[in-house]
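*Asks:* Let me see the structure of the following:
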Amino acid sequence: MTEMRTTPDRQLLLVRFSGDITTKAEATRKRFLQRMARNIKDALKTSGAQHTVTRTRDRIFVSLEGKDIERGATDLQRIFGIQSLAPVKELAWDSLEGLVRDAEIFFRDRVQNRLFAVRARRVGERGSLPFRSGEVERALGTALLPGAAGVKLRDPDVTVALEIMPGTAYLFHERLAGPGGVPLGVESRGIALISGGFDSPVAAWLMMKRGVALDYVLCNLGGRQQQLETLAVCKALADRWSFGTRPHLHVINFDGVTRALQDHVSTRLWQVVLKRFMMRAGQFIAEERDAQALITGEVVAQVSSQTLPNLAVISSATHLPILRPLVGFNKDEIIGQARAIGTHDLSAQVGEYCALVPSRPATRTTENRVSAEEASIDPSILQRALAERTVYDLRALDITTLDQPGLQIDHVPDGATVLDLRSKSGYQGWHYPGALFLDFANALRAYSQLDRSQEYVLYCEFGLKSGHLAELMQNEGIRAHHFAGGLSALVAFAKSKGLSTPEI
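*Replies:* So this is what the prediction gives:
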């Protein structure tokens, strides 16, 4: 392995595998490591780091140019199957005494006046080394002790670490954590139903950690704004975590489905029926993409559609297994994981589409009842939506080219007609001075009849419904915008203009 030795211009990283890999049978272990090496090469190639990857039975070694070491190490910390990695010094040895002598020289300055511990690990077949790990630890600890503050086996200032193989040892004092799990792509493909909020991206990440390559499906309820916000979340997952795969996002316009649902289904069943149509959409994409399961971010008892009876009815809409990795998580646990994987800030910007949330939803429905109401919905509505879907190659996508100019606005122009799309009670509690009340469901039916000589500014609670309607109106040639940031941003604007605002 002399070609990998550390030089002033190159740095060697030692990659350690998760226990999910080391416990596998030999043929499976080999397949997993081949896939991990492929994913590592894809990550480093994507970032432009000059690299060499060498795989052995027990470790993977990555040699990087000095200028690429920080970037390369960050990339490797996002490769599933890696338990940890460390910048190492490669050292040839032919005896215990020689190994201890050279290791003492390497670690001498690092333990100077500090508390330290020595951790030695033999790697390779049993009996391949002529000494035990404990012998190395005692001998090296004795050699280092005169210049150090002392030995501290628990929580030392410095951990002196060695991985020892026949003829070669790797010395390091820093260890970087990886995500663990198994290499992405060693399992079959799955379809993640995603909304862009906190839950579904975390659920997708957890399945990637278990080796499942993903495509994503967005059943779009909120128009272009929801599409762009969700694209940003999916793009982050693809760019940060999907090395070795090419995930795609399938955006399905659910306008027709939701309108049919509002016209033909009892209000209390809206959420359950909607989720069943989403499962059917996911199943269609799965069959097309040869995927074996659907993945959702559902959590038991989080919302009305996620009670056990309702989850059972939702699940019966598809013959595919539905994987729900967050089913027992608390919300704070999900949000914490979203921060760790890099989707939190993007998900926090995704508005909640609340137009289909009834005031008294059913929590214990049955399949017979739901199926009876679904029968009045023309199935061709979903078929058309699937045929007209938009598909994005996430890793190749440049999101900045997708924005629709003029949709958002941060002020109310003189003479503009302001439309409040919230509930009647919300409008009565406070509305922008002069705003007209038009609840969202009726607005969807009536917007094409609005006066086209007028300019309109729309707002709702979070900006998702208003963005959706403004997009539809613009497509009809109506001058319409939605107030960016929803109600809170509009209240702040009104306050800056000296207008009446609600007491908070």
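
*Asks:* Now residue 154. Nearest residue, chain neighbours left out?
*Replies:* residue 117 (8.0 Å; C-beta to C-beta, 6 or more residues apart in numbering). For every residue, glycine as well, the C-beta is placed using N, CA and C.

*Asks:* Now tell me what touches the host helix or strand of that neighbour from outside.
*Replies:* Using DSSP states H and E, residue 117 maps to strand 115-122. Defining contact as C-beta atoms under 8 Å, 6 or more residues apart in numbering, one finds that strand 115-122 is touched by 128-129, 132-134, 136-137, 140-141, 144, 148-154, 156-165.

*Asks:* Distance from the chain centre to the next helix-or-strand element following that strand, please.
*Replies:* Next along the chain after strand 115-122, taking DSSP H and E as the criterion, comes helix 133-144. Its chain's C-alpha centre and that of helix 133-144 lie 44 Å apart, by C-alpha atoms, centre = their mean, to the nearest Å.

*Asks:* buried stuff in stretch 157-174?
*Replies:* 158-165, 168-173 (16 or more other C-beta atoms under 10 Å).

*Asks:* Report the mean confidence score over it.
*Replies:* With pLDDT averaged residue by residue, stretch 157-174 scores 94.

*Asks:* Ok, stretch 123-139 next?
*Replies:* Rounded mean pLDDT across stretch 123-139 is 88.

*Asks:* Then stretch 234-244?
*Replies:* 96.

*Asks:* go on, stretch 144-153?
*Replies:* 95.

*Asks:* Tell me which residues are up against that stretch.
*Replies:* 104, 107-108, 111-118, 141, 157, 160.

*Asks:* can I get those in TSV with distance to residue 349?
*Replies:* Listed next are those as TSV, based on distance: C-beta to C-beta, whole Å:
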residue	distance to residue 349
104	54
107	47
108	51
111	47
112	49
113	49
114	45
115	46
116	46
117	45
118	48
141	52
157	42
160	46
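
*Asks:* what's the closest of the residues you listed to residue 16?
*Replies:* Sorting those by distance to residue 16 puts residue 160 at the head of the list, at 16.7 Å, by C-beta to C-beta.

*Asks:* related to what we said a few turns ago, please pick the buried ones from the contacts of stretch 144-153.
*Replies:* 104, 107, 111, 116, 117, 118, 141, 160.

*Asks:* on that earlier part again, how far off centre is the strand holding residue 117?
*Replies:* So, by C-alpha atoms, centre = their mean, the centroid of strand 115-122 is 36 Å from its chain's centroid.

*Asks:* and that strand with helix 133-144, angle?
*Replies:* Relative orientation of strand 115-122 and helix 133-144, computed by axes from the mean of the first three to the mean of the last three C-alpha atoms, to 10 degrees: 150 degrees.

*Asks:* Tell me how many other residues surround residue 137.
*Replies:* Counted with other C-beta atoms under 10 Å, residues neighbouring residue 137 total 18.

*Asks:* can you tell me which residues contact residue 43?
*Replies:* Per C-beta under 8 Å, 6+ apart, neighbours of residue 43: 75, 76, 78, 79, 243, 244.

*Asks:* Throw those into a markdown table and include secondary structure and neighbour count, thanks.
*Replies:* Below are the contacts of residue 43 laid out as a markdown table (DSSP: H, G, I helix; E, B strand; the rest coil; neighbours: other C-beta atoms under 10 Å):
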| residue | secondary structure | neighbour count |
| --- | --- | --- |
| 75 | helix | 23 |
| 76 | helix | 24 |
| 78 | coil | 18 |
| 79 | coil | 25 |
| 243 | coil | 27 |
| 244 | coil | 20 |
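
*Asks:* Residue 105 versus the residue nearest to residue 154, what's the distance?
*Replies:* Going from residue 117 to residue 105 by C-beta to C-beta, to the nearest Å gives 19 Å.

*Asks:* which residues sit in contact with residue 205?
*Replies:* 237, 241, 337, 341, 343.

*Asks:* what's the neighbour count on the fourth one?
*Replies:* Spelled out, it's residue 341. 20.

*Asks:* Just give the closest residue to it, not the sequence neighbours.
*Replies:* Residue 341 sits nearest to residue 205 (C-beta to C-beta, 6+ apart), 5.0 Å away.

*Asks:* CA atoms only for stretch 36-56, dumped as CSV, please.
*Replies:* Listed next in CSV are the C-alpha coordinates belonging to stretch 36-56 (Å, rounded to 0.1, in the frame of the first residue of the first chain):
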residue,chain,number,x,y,z
MET,A,36,-19.9,2.2,-0.6
ALA,A,37,-16.7,2.7,-2.7
ARG,A,38,-18.8,3.7,-5.7
ASN,A,39,-20.8,6.2,-3.6
ILE,A,40,-17.6,7.7,-2.1
LYS,A,41,-16.2,8.2,-5.6
ASP,A,42,-19.4,9.8,-6.8
ALA,A,43,-19.4,12.2,-3.8
LEU,A,44,-15.7,13.2,-4.3
LYS,A,45,-16.1,13.5,-8.1
THR,A,46,-19.2,15.7,-7.6
SER,A,47,-17.3,18.1,-5.3
GLY,A,48,-14.2,18.1,-7.6
ALA,A,49,-11.8,16.7,-5.0
GLN,A,50,-8.8,14.9,-6.5
HIS,A,51,-8.9,11.5,-4.9
THR,A,52,-7.8,7.9,-4.9
VAL,A,53,-10.1,5.2,-3.3
THR,A,54,-8.6,1.9,-2.2
ARG,A,55,-10.8,-0.9,-0.7
THR,A,56,-9.7,-3.8,1.5
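
*Asks:* Describe which strands the lengthiest strand in the chain pairs with in its sheet and in which direction.
*Replies:* Assignment by DSSP state E gives strand 82-92 as the longest strand of the chain. Applying DSSP bridges to the sheet, strand 82-92 is found paired with strand 10-17 (antiparallel), strand 168-172 (antiparallel), strand 176-177 (antiparallel).

*Asks:* residues in contact with the shortest one?
*Replies:* Pointing back at strand 176-177 there. Contacts of strand 176-177 (C-beta under 8 Å, 6+ apart): 73, 76, 77, 83, 84, 85, 86.

*Asks:* Residue 378 in helix, strand or coil?
*Replies:* coil (DSSP: H, G, I helix; E, B strand; the rest coil).

*Asks:* which residues touch it?
*Replies:* Going by C-beta under 8 Å, 6+ apart, residue 378 touches residue 260.

*Asks:* distance of residue 214 from residue 278?
*Replies:* Counting by C-beta to C-beta, the gap from residue 214 to residue 278 is 16 Å.

*Asks:* So for these two, which sits in the more crowded spot?
*Replies:* Neighbours were counted for residue 214 and for residue 278 using other C-beta under 10 Å; residue 214 has more, 28 against 25.

*Asks:* Please give me every residue in contact with that one.
*Replies:* When contacts are taken as C-beta under 8 Å, 6+ apart, residue 214 is in contact with 189, 190, 191, 192, 204, 207, 208, 242, 245, 247, 295.

*Asks:* My reading is that it lies in a strand. Confirm?
*Replies:* Yes: the assignment for residue 214 by three-state DSSP puts it in a strand.

*Asks:* these two touch, right, residue 38 and residue 186?
*Replies:* No: using C-beta atoms under 8 Å, residue 38 is not in contact with residue 186; the gap is 10.5 Å.

*Asks:* of the two, who's got more company?
*Replies:* residue 186 (25 against 16).

*Asks:* sec struct for that one, please.
*Replies:* Residue 186 - assigned by three-state DSSP - is coil.

*Asks:* Kindly report the same for residue 203.
*Replies:* helix.
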